[in-house]
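K.L.:
Next come a sequence and a model predicted from it.
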Amino acid sequence: MARLKTGVLISGSGTNLQALLDAAQDPDYPAEITLVISNRSDAAGLARAEKAGVATQVIDHREFADRASFDQALDTALKAAGCAFVCLAGFMRLLTADFTESWRDKLINIHPALLPSFKGLDAQAQALAAGARISGCTVHFVRPEMDAGPIIVQGAVPVLDGDDEAALAARILEVEHRIYPLALRLIADGRVSVAGDQVRISGANGAGDAALISPAG
Ligand code: GAR
């Protein structure tokens, strides 16, 4: 079966990109990473793509007069590479409604919190400041509103006494690396459908682990 041709947009270290590249190494994985685009030429993730033999492109938002023309350049590059699907992986630019609507249900994002809590920047710091006992990460379809859209997969982690932002971010990131390849696989296998604000997954296996209770005692 043809693999889903996927573009990945990054701005930084690209560890989630790496998780997707690693998953796609398996010929049985139903998606392939066709193109990686960064808006920053110094993004470490670019080297990860090159190492995996995946085409890269830098499209620097500062070279465009407005968001619309930047997004148009992204769209053109993705289509030229034959991408049928797009993953945002630490891509730190807001996309226009024109872009998100034209890629509707073909564009997903990962966010380091259990949405709809803690949208926006510094989600891990927001969870700490709110005193949350459990946080996590979310893969969701992108809608024009920031960090909103039907939720595909979530993973939860405890927030431990003494956590600082770095400790919590690292604990969440490990789970991000599990759920992003999972979400893309479910979609590329044709198991995911969107009904309004909700996602249905055919043959979903219930919860992966036992209930997470934090603190445990
Ligand atoms: C990840 O934690 C991702 O969830 C977050 O940026 C980090 C990127 O790390 N994304 C957002 O905050 C988007 N709102 P990575 O470059 O190592 O994948």
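P.N.:
Yes, it's here. Residues are numbered from 1 along each chain as shown.
K.L.:
nearest residue to the residue in the chain positioned nearest to the ligand other than its sequence neighbours?
P.N.:
For the chain and the ligand, the shortest gap (CB to the nearest ligand atom) falls at residue 90, measuring 2.6 Å. To be clear about C-beta, it is placed using only N, CA and C from the backbone, and glycine gets the same treatment. Spatial nearest neighbour of residue 90, excluding adjacent residues (CB to CB, 6 or more residues apart in numbering): residue 12 at 4.9 Å.
K.L.:
What count of nearby residues applies to the residue of the chain closest to the ligand?
P.N.:
21 (other CB atoms under 10 Å).
K.L.:
Doesn't it belong to a helix?
P.N.:
No. Checked against DSSP: H, G, I helix; E, B strand; the rest coil, residue 90 lies outside a helix; its state is coil.
K.L.:
what sits against it?
P.N.:
Neighbouring residues of residue 90 by CB atoms under 8 Å, 6 or more residues apart in numbering: 10, 11, 12, 13, 14, 15, 16, 17, 45, 110.
K.L.:
Could you check the pLDDT of the nearest residue to the fifth one once chain neighbours are set aside?
P.N.:
Leaving out its chain neighbours, the residue that sits closest to residue 14 by CB to CB, 6+ apart is residue 45, at 2.0 Å. The predicted structure scores residue 45 at 98 on the pLDDT scale.
K.L.:
and what of residue 209?
P.N.:
At residue 209, pLDDT is 73.
K.L.:
Look up how far residue 176 lies from it.
P.N.:
16 Å (CB to CB, to the nearest Å).
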